[in-house]
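Novice: Just to be clear, the model below is a prediction. Sequence and coordinates:
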Amino acid sequence: MLHSASRAKGAAPSNEVELAHAAATLMTVTSSNEGEAASGTSSVRARAKRQRVIVIGGAIAVAAVLAAILVAAWGTATPNQRVEDAAAGLAYELPPDWEELPDYDRAAPYTAAADKGLLGPFVGSFSRELEPDQELKTLAESLAVELPGHILSPTTEFTMLRSEKADLNGHEAYEVELAADDPAHGEAHIRLLVVAIEDDRAGVLYGFEYLDDRDDRSDLDDIFSSVERL
């Protein structure tokens, strides 16, 4: 019996060692798992940070490209072309999409002319002698009906929309605006400005828009608003 008891007492240290070894192993595994978890969290955070940097960088690049496009478009915008008709004594500006006509493509009596394409609106300027005691009003109203005669049919009816005195930088002027109803081709819009250049001479600016288009009407308004006396 004593021998057996002694063996039991001798076995106790061995169990304690095994328990200590198991506890150490568990702590090692736990520490390893915690390290891996911490490492994984750091990796996720790093990836998220890189993604944010990429997104922000991409947005900045897109904004830079758009800004460059806008600057280029603004820098290449075509300025209004200025027409100086010394014979008529008048100068005026054309919208960017208008083109001044060369001499060979310009009919009499115009000494300068421009249009917005073959079927688009037209403007032309020239000089006209004034008869003794002839009023600018009489000249303006007669020319407004006479000039489109080669385009409109003889049965065209005209309606006077405006007939009034004007002032061009202190110089006497007169302006008329007509609507034309052509039974063969439809409606047209006519505008004409006569400016006293000398006692016996007047400068004339004539505008014609065959199709009643608001954009074309606005172009004519801009051109007539830009007129200056040379």
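Specialist: Everything's here; your move. Numbering: from 1, shown residues only.

Novice: Past the worst-scoring helix or strand of the chain on mean pLDDT, which element shows up next along the chain?
Specialist: Of all helical and strand segments in the chain, the minimum by mean pLDDT, DSSP states H and E falls on helix 2-75, at a mean of 46. Next helix or strand after helix 2-75 toward the C-terminus (DSSP states H and E): strand 81-85.

Novice: In its sheet, which strands sit next to the helix or strand that that next one is followed by, and in what direction?
Specialist: Once the chain leaves strand 81-85, the next helix or strand it forms, by DSSP H and E, is strand 90-94. With DSSP bridges as the test, strand 90-94 is paired with strand 81-85 (antiparallel), strand 228-229 (antiparallel).

Novice: Mean confidence (pLDDT) on the first one, please.
Specialist: pLDDT averaged over strand 81-85 equals 93, rounded to a whole number.

Novice: cool, and stretch 205-221?
Specialist: Mean pLDDT, computed over stretch 205-221, is 81.

Novice: Export only the CA atoms of it, formatted as PDB.
Specialist: The C-alpha coordinates for stretch 205-221 follow below in PDB (Å, rounded to 0.1, in the frame of the first residue of the first chain):
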ATOM      1  CA  LEU A 205     -27.800  98.900 -94.500                       C
ATOM      2  CA  TYR A 206     -30.300  96.300 -95.800                       C
ATOM      3  CA  GLY A 207     -31.300  93.100 -94.000                       C
ATOM      4  CA  PHE A 208     -33.400  90.300 -95.400                       C
ATOM      5  CA  GLU A 209     -34.500  87.100 -93.700                       C
ATOM      6  CA  TYR A 210     -36.600  84.900 -96.000                       C
ATOM      7  CA  LEU A 211     -37.600  82.200 -93.500                       C
ATOM      8  CA  ASP A 212     -39.200  83.500 -90.300                       C
ATOM      9  CA  ASP A 213     -36.600  82.100 -87.900                       C
ATOM     10  CA  ARG A 214     -36.200  83.600 -84.400                       C
ATOM     11  CA  ASP A 215     -32.400  82.900 -84.400                       C
ATOM     12  CA  ASP A 216     -32.000  84.600 -87.800                       C
ATOM     13  CA  ARG A 217     -34.100  87.600 -86.500                       C
ATOM     14  CA  SER A 218     -31.900  87.900 -83.500                       C
ATOM     15  CA  ASP A 219     -28.800  87.900 -85.800                       C
ATOM     16  CA  LEU A 220     -30.200  90.800 -87.800                       C
ATOM     17  CA  ASP A 221     -31.000  92.700 -84.600                       C
END
